[in-house]
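[1] test case, fold it:
(4 chains, ligands or ions: 4)
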Amino acid sequence: VSGCSGTTKDSVKDDTPAKSGKAEANPDAPLKKGLKIAFLPKQINNPYEKIVDDAGIAAAGEIGATGKEVGPSNAKASSQVSYINTLIQQKQDAILIAANDPNAVCGPLKQAMRQDIKVVAYDSDTAKDCRQLFINQASSEEIGRSQVRNIAKQLGNKGEIAILSATQNATNQNTWIQFMKDELTKPEYKDMKLVKVAYGDDQDQKSFQETQGLLKAYPNLKGIISPTTVGIAAAARYIGDSSYKGKVVLNGLGTPNQMRKYIENGTLDQFSLWDPKKLGYLGTYAAAALASGQITGAEGEKFKAGDLGEYTVGKDGEIILGPPTVFDAKNIGDFDF
Amino acid sequence: MEKPDKGLAPVLALRGVSKTFGAVRALHDVSLDLRPGEIHALAGENGAGKSTLIKTLAGVHHPDEGKILLSGEPVVFHGPADARDAGIAVIYQEPTLFPDLSIAENIFMGRQPRRSARRIDRRAVHRATADLMSRLGVALDPRRPARGLSIADQQIVEIAKALSFDARVLIMDEPTAALTGSETARLFSVVRTLRAEGAAVLFISHRLEEIFGLCSHVTTLRDGRHVASEPLDGLTEDDLVRRMVGRDLDDLYPKSEAEPGPTVLSVSRLTREGVFRDVSFEVRRGEIVALAGLVGAGRSEVAQAVFGVDRADAGEVKVDGRVLTAGSPTAAMDAGLALVPEDRRLRGLVMEMSIERNIGLTGLRDVRRRGLVSRALEHARAADWAVKLQLKYSRLADPVSVLSGGNQQKVVLAKWLATDPAVLIVDEPTRGIDVGTKAEVHRLLSSLAADGLAVLMVSSDLPEVLRMADRILVMHEGRLTAEIPRERATEETVMAAATGRAPDTDRTERTAAKEPTP
Amino acid sequence: MTTTLDKPTPEAPAEEGRSARSLVDAVFRAREIAIGGALALLILGTWLANPGFLDDQGVKDLLLNSSILVLLAVGQSVVVMTRNIDLSVGSVVGLTAFACGHFVSGTDHSALTVVLLGIGLGTVCGLVSGALVSFGRVPALVVTLGMLYIIQGIDHAWAHGEQINAVNVPDGVLSLGSGSVLGIPYLPLISAAVLAATGYFLRTYRSGRELYAIGSSPEAARLAGIPVRRRILAAYAFSGAIAGFAGALWLARFGTVVADAANGWELTVVSAVVVGGVAITGGTGSVWGAALGALLLTTIGSALVVLKVDSFWQQAITGVLLLAAITTDRVLQVRTTSALRKRSRR
Amino acid sequence: MTTMTTLTRYLRWDTAVGILLIAVFLAGTGTTEGFANTDNLSAALGDVSEIALIALPMTLLVVAGQVDLSVASMLGLSSALAGSLWQAGFAFELIVPVCLLAGAVGGLLNGWLVTRVGLPSLAVTIGTLTLYRGLASVILGDEAVADFPETYAKYAAYTETMPGTFVPYPVALFAVLAVGTAIALHCTGFGRSLFAIGAQEDAAWFAGIRVKRLKLVLFVVSGLVASFAGIIYTLRYGSARADNGLGLELVVIASVLLGGVDFDGGKGTLGGAVAGVLLIGLLTNLLTLNDISNEIQVIVTGLLLVASVLTPRIIAVVSERRHRRTAAEESVPVSAAP
Ligand SMILES: Nc1ncnc2c1ncn2[C@@H]1O[C@H](COP(=O)(O)OP(=O)(O)OP(=O)(O)O)[C@@H](O)[C@H]1O
Ligand SMILES: Nc1ncnc2c1ncn2[C@@H]1O[C@H](COP(=O)(O)OP(=O)(O)OP(=O)(O)O)[C@@H](O)[C@H]1O
Ligand SMILES: [Mg+2]
Ligand SMILES: [Mg+2]
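    Ligands and ions are numbered 1, 2, ... in the order given. Below you'll find the model as predicted:
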């Protein structure tokens, strides 16, 4: 299981994926011209989301479609709903959404699909029957387990660790954390202990203070995993300026530009991330392929995503961008985003 | 009475001043001269425009037409600060204190003595305040916050504030309305000293005897127009009243004899810690009972506890033999009690609400039609009482805040009389009310009593108490010290009881005779 | 002469006066003492449970965490004293933090320039709110709620996903946020200095006292010739300037800034002020109390983390403590005033 | 009386908001495709349905000089409660009364602190705002519960309409409640009492109005309605979470104030408040349809709020000036009682 599991009462029933007006996929159909594609990020002020969406909008330009980004200025579960409604009224061809809540956006997304608007989730999934595709930045399982593997290697499979996450309800975060916990049950990690999951709400200052709190409350803490770009940057800043520098290992997901300074000054040795630009790029191509009838979202269908080459739709309409890159002092100079 | 020096030029003067509020002309072409060393009275009915005139002099209002002359030169006051800087000190009709600040700060706000680096000299502030207080002969702690001061004490602070200016012109809008004898006497002696020092004083009062006792000149206003400016010498009270009212007045205290009926209100052993203790009395139908005493004796507090707006710590109140739920004005109203409170602006009226709604507020259940409030009924109820009390207003839908003080008081009376009460408690019913209206109110009270209403009247106005009451209860420091029947009531007996000098006979006699078993 | 009830002039009751005075002082001080006591208790308890709470780093963190809130509470309490409110502070911090970051990004401007820029921008925001409230004579809550939205909108529209990275912020600016003298970081020192200056000013200068007077009774203040509108305008300008200052410090401390710095802080700041005993209806309270309130709020947060209280419980407990603080304060106040009334009865 | 005074009497801000609402509607219909169809309008109304519901008791509170900032937290608490009970397998028919009870108890706590302890409502409800939101996250933690029964969810959704009409259920319910509240506020003794309390509490108390009891009732009703809105919110979004409705309190208050209700109490109309809510809802929808970003929408809301208090002031000042000029010519003496 991947995607949004574990967050709803009984993991979403797989009965009727509401893929309305179901036509046969025609892999050879050309990409339609003049498609209207809209990106609906978790919140418009999030720098990471902005990189993704801008890349997606640029990709739309390449294939003769028009792309735009609309969205709320806060990452609340419900605030995306009114945007979906207006996108329906505007008769967009495809909606790409990074869901703040897997279920809250379901009703209107289903309505969109009924009106033959294609729905593609990216970054953070919706319930499975509310979208046709989910572009996953990397396999959730892979992200979760690799986070533990990486930090365990740094710690020699020993010691207390904590997780600094984003909001308590972020789908992707919770999925990853689920896999991290699962990974930790393996016998080789028997000397490692997850003592706490803290939430920095993807706010810089809150994350900063949560880091402080963790270090204070757990004097034996050896490592922190922060699988969110805001969290890891804040944690690095606190640790870098405090007496914990060099004593506590930090790892997680961050952007090279944000973390460059801390790699250079030795606050942390490595972190990982996929290329957010590629995520947006792939999203646009996937949406266009759907809207042009090349694919329908069924498992096993294939489509070409421009420079990125060919992708295959996996189980539950999931498409995986690729494995995350691990950044460290040696390679960070090669990246600029 | 001393004559003012005729040769002296007016220090402050108004020339042809007009002022309108909305559709109301409060002042129309009014002129006035204030000369140094002169105490000038301003007379007029409620709403005649006296306070408006004062506020114009004080820079609170800007005249629509006409001008203000200071030592003969035209000036424009942009605000109260300008007038203050020109040496004009004002005591407004309603006390304007800062409840959270100490008395000393209240007096010297914005003018505190300073020491190095423009810092306030706290010590000097307190010393100066203490001086002022002893000059006025009162013992108020300068550091005490103004919150919780009785109206009289507030007025005293106001007076101290005005005195502290050492002003060329002192303007006082009904400063004595809330004061009793000794404070008034003190105030007058201070004012006379100021006059002797060459200050000009403008004085407003509805008590004619005060005007005649203190002032040398009088200017009369009627409906915003200037009626006369003249020396008081040779003028009789009747002359003045005629100028104010435009006609002759009958008896000021029209007390009709009424045969007291059965007891309606009986209060036994009512106590509120720290305020009053062990107060017991009865009021019968058709009777006017006055509750007299010095300022701060606790009379208002007793009235409020009887009505239930304050909760008494012990004791009970019975109306028609039934015990009232403590602390519930609603229950008191249901039982036929009504209370006209002392502080009309804070407690008597909702100032922003219209006249008709204020009057309707006590009868929300009576102005209903099919469960909903009927505007027609509400209007009729208000109009009815407005006529009965000769209220001066332009529309019943106007907020009460635009009415003059006296007319506001009438609205409070109307609001309670409209509930058709069995017992009416009035706290200072004629405070700030002009002579004409005062007579009206008295006539009203006595005719209501004649119709079988029981009236409990708290009053600091001794003539009123003596002439209107069938029986006088006197309080001293939170206790009932005497009960004096009408026949035996004189200034001396009441005064003696109020100051605690009473031979205790009255009290013991009364207690033995009437006090219900606890 | 009118008939008078002659009452013997009370001879100056010096004894009574003095006791009433000390009581008055007690009323005013009680609130600060109560909050200070609660704070001390909280710190002591947490320290006993986890000695690490008060080690070097711990004390430093406590001071750093609270200094910006303390600063904002000082600014806010000056406005609240005048019976007004400034809900826009949070968004002013957000705007100035971003603007300052944007301005210094990739340059080598000094810390002083940034601070001045922040204060300048904040003052402008405060002046707009203040002008609307004082000269427009419109309700403060509505206007500043409107300003909250307007400033936030401008901020977000301007930033639109742009992030200021610590890497691009000059070291001079960052060292303002992380540097220290004698082991005490600059930030709490700055807050303490602003607090002390404001507190002293409010107590010993005419214009300071006039702010209290305005809050106590605006109508009386007008009649007393106090330039009410100018004072209110100044209070808002001060609050805005402080918020702008806080924005600059925010940048200095966190380095990384997106548009939503201090987003939603307006109610936190108001709660700090209220917990600190500044009456929402104006006229009373002190900046010292407000600062203690802010300190208490942040310490509660830090203490709960250190005490390993489940993060889900933290907010609920903060809520309970908040209610407990204002309730105790109120009960205390009622008790003392009634004692005051009984004693000073003349 | 001059025409000017009559004019200012009728051109009050709440009427102006009503007119503005109609203007926005007409402008939207004329210029924007996809605005004036039932789907879109239902969705636009749906977006403000909880705000509108909560705005009703909030108007009463503000008129009475009080405020309840804890409503959004209560909404979240009710949602979290509904979620955890549903997860635990309770029947939905049982969950609803439990949530409502929680709302009433929460309101009672607010009211108790305000009326018995004598704390200002702003301070109290900032405290309970934190407390109730905290309790919500204690109850539901980081979970999000979904899959509520379709039988009930459809009543909250804006896609289902009442049989034979195009009116969605929540709109109908809101209309009924709004009319009821309007009558209570403007045509009953209860409403009159609220105005009196808001304008001058002491005077109301001295007039025999049960000030404390009325305030207590208002807070309870406010809590009740907020928890009811929590249920609707949960069903409408199909997701029960502890952070549902975060920050909604300021939007509710902004809407009410936009409708011309005076925050100092004693003034305002329910029609104005409802118009304020609808105006924000429609305007947001219209701006979003025209791809105007959220940031600009926020600025527009702020400007409207400022205008809502500034415009009446300006009108008053101008008419006062005008009046003074005319009064100089025609003299109106003080009239005596008719
Ligand atoms: N601010 C105002 N707005 C509207 N009308 C006002 C205002 N102030 C006074 N008035 C009106 O002006 C007239 C004069 O009022 P003013 O207060 O000057 O009377 P007054 O002589 O002081 O009466 P009183 O003896 O009762 O105090 C009254 O009709 C009053 O209603
Ligand atoms: N609102 C209040 N808060 C606190 N103390 C008060 C308040 N009102 C009156 N007091 C005090 O209670 C005592 C009794 O006052 P009360 O008003 O009952 O006296 P009174 O005999 O009616 O005199 P007055 O002529 O002032 O009405 C006084 O000491 C007064 O200072
Ligand atoms: Mg007057
Ligand atoms: Mg009295």
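[2] and residue B:360, what does it touch?
    With contact taken as Cβ atoms under 8 Å, 6 or more residues apart in numbering or on different chains, residue B:360 is in contact with B:367, B:373, B:378, B:381-382, D:192. In this view, the C-beta of every residue, glycine as well, is placed from N, C-alpha and C.
[3] residue boundaries of the strands in chain A?
    Under the criterion DSSP state E, chain A contains strands at A:36-40, A:66-69, A:94-97, A:118-122, A:133-136, A:159-165, A:192-199, A:221-226, A:249-252, A:270-273, A:302-304, A:310-312, A:318-320, A:325-328.
[4] hmm, residue A:55 is touching residue A:285, no?
    No: at 11.2 Å, residue A:55 does not count as touching residue A:285 under the criterion of Cβ atoms under 8 Å.
[5] neighbour count for the two, which is higher?
    More crowded of residue A:55 and residue A:285, by other Cβ atoms under 10 Å in any protein chain shown: residue A:285, with 26 against 23.
[6] look up how far residue A:36 lies from the more buried one.
    Going from residue A:285 to residue A:36 by Cβ to Cβ, to the nearest Å gives 15 Å.
[7] and for residue A:143?
    32 Å.
[8] now swap in residue D:188 and tell me
    53 Å.
[9] now do residue B:410
    Taking Cβ to Cβ, one finds residue B:410 at 72 Å from residue A:36.
[10] which one's more surrounded, these two?
    Taking other Cβ under 10 Å, residue B:410 and residue A:36 do not tie; residue B:410 has more neighbours (27 against 18).
[11] which SSE is that one in?
    helix B:405-417 (DSSP states H and E).
[12] which strands and helices sit next to that helix?
    strand B:337-340, helix B:355-360, helix B:375-388, strand B:423-427, helix B:435-450 (3 or more Cβ pairs under 8 Å, 6 or more residues apart in numbering or on different chains; DSSP states H and E).
[13] could you dump the helix or strand containing residue B:291 to PDB, C-alpha only?
    Residue B:291 belongs to strand B:288-293 when elements are defined using DSSP H and E. Output in PDB follows, covering the C-alpha atoms of strand B:288-293 (Å, rounded to 0.1, in the frame of the first residue of the first chain):
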ATOM      1  CA  ILE B 288     -44.200  59.500  50.600                       C
ATOM      2  CA  VAL B 289     -41.200  58.400  52.800                       C
ATOM      3  CA  ALA B 290     -38.000  60.200  52.400                       C
ATOM      4  CA  LEU B 291     -34.600  58.700  53.100                       C
ATOM      5  CA  ALA B 292     -32.300  61.500  54.100                       C
ATOM      6  CA  GLY B 293     -28.700  61.600  55.200                       C
END
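[14] partners of that strand in the sheet?
    Using DSSP bridges, strand B:288-293 pairs in its sheet with strand B:454-458 (parallel), strand B:471-476 (parallel).
[15] which of those strands sits most buried?
    When the strands paired with strand B:288-293 are scored by mean count of other Cβ atoms under 10 Å in any protein chain shown, the highest mean neighbour count falls to strand B:454-458 (a mean of 27).
[16] check which element follows it along the chain.
    Next element after strand B:454-458 (DSSP H and E): helix B:462-468.
[17] if you look at that next one, does any of it touch ligand 2?
    No: applying Cβ under 6 Å from any ligand atom, one finds helix B:462-468 out of contact with ligand 2, separated by at least 12.2 Å.
[18] elements contacting that helix?
    Using 3+ Cβ pairs under 8 Å, 6+ apart, helix B:462-468 sits against strand B:288-293, helix B:435-450, strand B:454-458, helix B:491-498.
[19] make CSV out of those and add distance to residue D:296 and mean pLDDT.
    Converted to CSV, the helices and strands packed on helix B:462-468 look like this (distance: least, Cβ to Cβ, whole Å; pLDDT from 0 to 100):
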stretch, distance to residue D:296, mean pLDDT
strand B:288-293, 67, 91
helix B:435-450, 60, 84
strand B:454-458, 63, 93
helix B:491-498, 72, 85
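[20] of all those, which lies closest to residue B:151?
    Of all the helices and strands packed on helix B:462-468, strand B:454-458 sits nearest to residue B:151, with 12.2 Å by Cβ to Cβ.
[21] what is the end-to-end distance of stretch B:75-93?
    Chord length of stretch B:75-93, first to last residue, is 24 Å (Cα to Cα, to the nearest Å).
[22] go through it and flag the buried ones.
    Applying a neighbour-count criterion of 16 or more other Cβ atoms under 10 Å in any protein chain shown, one finds B:77, B:79-81, B:83-84, B:86-93 buried in stretch B:75-93.
[23] so which of these belong to strands?
    Checking the buried residues of stretch B:75-93 against DSSP E, those in strands are B:88-91.
[24] nearest to residue D:283 among those residues?
    residue B:90 (49.5 Å).
[25] isn't that closest one right up against residue B:81?
    No: checked against Cβ under 8 Å, the pair residue B:90 and residue B:81 is beyond contact range at 11.9 Å.
[26] from chain B, how far off is the closest residue to residue A:57 other than its chain neighbours?
    Counting by Cβ to Cβ, 6 or more residues apart in numbering or on different chains, residue A:67 is the residue found nearest to residue A:57 once chain neighbours are left out, at 3.7 Å. Residue A:67 sits 56 Å away from chain B, going by Cβ to the nearest Cβ, to the nearest Å.
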